[in-house]
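Next comes the sequence, and after it the predicted model I'd like to discuss.
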Amino acid sequence: MRSPGEVLAQIRTRYSNGWRDWLVSPPDGFSFPLAPPDVTTTAREATKVSDWLRAWRTWAGEHPTARLRSTTRRTLIGTQEIYTHVEVDDVDALAGLSPETAAHSARAQQRYPQLVPPHLRLKPRLAEIVDLDDRDFGLLLRAAQWFAEHPQSGLTMRQVPIRGLHTKWLARHRRLVLALLDLDPSPSSPESDDELTPEDVDLLGLRPLPRQVDIILLDPADRRSLAGLRHL
């Protein structure tokens, strides 16, 4: 006989495993078996079964989006209604059974329509995208849109005209940006790093920073301060 806590753990697991697919194709409903007592147990352990039924009635009263399916059994002590399943109509009702999954589902359903049309490289990154704070999520959308519109800009990273975007942010979130662009990162690119690799820069259509910068000193006073040097 599964307790409400055990079934709720199953519900959380089902949500964790399925929510990405449900964003695209939500199922019609869900059913979770309660492993109800058989006829013999119902008769011999009447007090235990009665407590179990009471616990489920209390739980169902606290979770109106779920309903209990039951069956009637004839035992040596008489007819007994036994709960057999918890049934939930849709994803919203399922997620709403736990505060954590309710908040996550609301955020996922709010953000998913803002992403580019789904493709294989996006799905493994959905959890990271949903977990971003609002500022980073907004910046991710702006960055992906800009790079999509300027696939070969030839700019350096520091020249990209996106408010709030800097090299460290793009390095940390480059795999999310590439996923939204349907681009596959280099196999040698580390999963987590604060530096953009040359392959990342090339995929984003950027120009790497020059390894050498020439400086010409035009002010005579500057040249005198450096022993007459004009070209650095």
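Cool, the structure landed. Numbers count the residues shown, from 1 in each chain.

For Ser105, see how far away the spatially most central residue of the chain is.
Nearest to the mean C-alpha position of the chain, by Cα atoms, centre = their mean, lies Ala127 at 2.0 Å. Look at Ala127 and Ser105: by Cβ to Cβ, to the nearest Å, they are 13 Å apart. The C-beta positions use only the backbone N, C-alpha and C, and glycine is treated the same way.

now for the biggest helix by length in the chain, which elements pack on it?
Scanning the chain for the helix with the most residues, using DSSP state H, yields helix 4-24. Judged by 3 or more Cβ pairs under 8 Å, 6 or more residues apart in numbering; DSSP states H and E, helix 4-24 is in contact with strand 30-33, helix 46-62, strand 78-88, helix 91-95, helix 99-111, helix 126-131.

Including distance to Thr71 and mean pLDDT, could the ones you listed go into TSV?
Rendered in TSV, the data for the helices and strands packed on helix 4-24 read as follows (distance: least, Cβ to Cβ, whole Å; pLDDT from 0 to 100):
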stretch	distance to Thr71	mean pLDDT
strand 30-33	12	97
helix 46-62	12	94
strand 78-88	5	91
helix 91-95	22	96
helix 99-111	29	95
helix 126-131	39	95
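
which one is Pro208 nearest to, not counting chain neighbours?
Closest residue in space to Pro208, ignoring its immediate chain neighbours: Val201 at 5.3 Å, by Cβ to Cβ, 6 or more residues apart in numbering.

ok, and that neighbour, which helix or strand is that part of?
Secondary-structure element containing Val201, defined by DSSP states H and E: helix 198-203.

distance between the helix or strand following that helix and the chain's centre?
Following helix 198-203 in sequence order, the next helix or strand is helix 220-225 (DSSP H and E). Here helix 220-225 shows a centroid-to-chain-centroid distance of 57 Å under the convention Cα atoms, centre = their mean, to the nearest Å.

same deal with stretch 148-157?
The offset between the C-alpha centroid of stretch 148-157 and the centroid of the whole chain comes to 28 Å, using Cα atoms, centre = their mean.

which residue sits closest to Thr41, ignoring its sequence neighbours?
That would be Val49: by Cβ to Cβ, 6+ apart, it lies 6.8 Å from Thr41.

Look up how far Pro208 lies from that neighbour.
Val49 is 71 Å from Pro208, where distance means Cβ to Cβ.

Between those two, which has more neighbouring residues?
Each of Val49 and Pro208 has its neighbours counted (other Cβ atoms under 10 Å); Val49 has more, 19 against 11.

on that earlier part again, tell me the most buried of the helices and strands packed on helix 4-24?
For these, the largest average neighbour count (mean count of other Cβ atoms under 10 Å) is found in helix 91-95, namely a mean of 21.

Can I get that one in CSV? Just the C-alpha atoms.
As requested, the backbone C-alpha atoms of helix 91-95 are provided in CSV (Å, rounded to 0.1, in the frame of the first residue of the first chain):
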residue,chain,number,x,y,z
VAL,A,91,0.4,18.5,-17.0
ASP,A,92,-0.7,21.7,-15.1
ALA,A,93,-2.6,19.6,-12.6
LEU,A,94,0.3,17.2,-12.2
ALA,A,95,2.9,19.9,-11.7
